[in-house]
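Asks: Here is a sequence with its predicted model. Questions after.
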Amino acid sequence: MGDFTSIRLKTLHGRLGELAYELTKVQFSYLVSPEAWRPAINAYRCSSHISICVDLAGVDREALEVKIEHRRLSIRGSRRAPEPSGTESQTLQVLAMEIDYGPFLREVELPTEVDIRGVTAEQRNGLLWISLPLRPES
C-alpha cells in the first residue's frame, strides 16, 4: 500500500509541476529537491556468483557509491536532469519529464554470503553490472 501511495504522490507532484509551468512558464520542480528514486535492477544467481544489472543511464561513474555489507548490496548516487544543451537549445516548454533524476538509492538483500574481495563492477551501455562471487561453503 505504501508504494502505491508514493507513486500516486509522485504523479500528483508531476502534474502540479506541469500545471505551474503552464501558468507561470517557470517550472518549480527545480526548487524542490526530488526524493530519492530507485533504479530498476535485474538480479541473477549463477553457479559461482550473483550478477546484478542496474539501469543507470546518464549517471557518471564518479556519482556512484557501491557498498556491500553483510548480505546487503547498496547502490547510491545522483543523476542530473537530462536537458538540452548548447546555445540553440534553450528550453521553451517541457512537454514531458519522465526520466528520474536527483539522488537515488537501491538496496538489494543477498540470498547468501559473498566474497567481498572478489566483487567487480562495470558500467557499459547505461547499465551497471556488479558481479558478487559466492563465498565457498565452509
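Replies: Perfect, I can see it now. Just so we're clear, the structure is a prediction, and the values are computed from it rather than from any experiment. Residues are numbered from 1 along each chain as shown.

Asks: Do you know the pLDDT at Leu95?
Replies: Leu95 carries a pLDDT value of 88.

Asks: in the protein, which spans are strands?
Replies: For the chain, the strands defined by DSSP state E occupy 41-45, 49-55, 64-69, 72-79, 102-109, 120-124, 127-133.

Asks: what is the orientation angle of the fourth one with strand 102-109?
Replies: With axes from the mean of the first three to the mean of the last three CA atoms, to 10 degrees defining the directions, strand 72-79 sits at 170 degrees from strand 102-109.

Asks: For strand 72-79, which strands pair with it and how are they oriented?
Replies: Take DSSP bridges as the rule and strand 72-79 pairs in its sheet with strand 64-69 (antiparallel), strand 102-109 (antiparallel).

Asks: could those be laid out in JSON lines, adding mean neighbour count and mean pLDDT?
Replies: In short, each C-beta sits where N, CA and C put it, glycine included. Listed next are the strands paired with strand 72-79 as JSON lines, based on neighbours: other CB atoms under 10 Å; pLDDT from 0 to 100:
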{"stretch": "strand 64-69", "mean neighbour count": "14", "mean pLDDT": "94"}
{"stretch": "strand 102-109", "mean neighbour count": "15", "mean pLDDT": "96"}
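
Asks: Can I get these in TSV including distance to Glu83?
Replies: Listed next are the strands paired with strand 72-79 as TSV, based on distance: least, CB to CB, whole Å:
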stretch	distance to Glu83
strand 64-69	21
strand 102-109	13
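
Asks: who's in contact with the residue most central in space within the chain?
Replies: Nearest to the geometric centre of the chain sits Pro39, at 3.3 Å (CA atoms, centre = their mean). Residues in contact with Pro39 (CB atoms under 8 Å, 6 or more residues apart in numbering) are Val54, Asp55, Leu56, Ile75, Asp100, Phe104, Arg106.

Asks: how near is it to Ile130?
Replies: When CB to CB, to the nearest Å is the yardstick, Pro39 and Ile130 sit 12 Å from each other.
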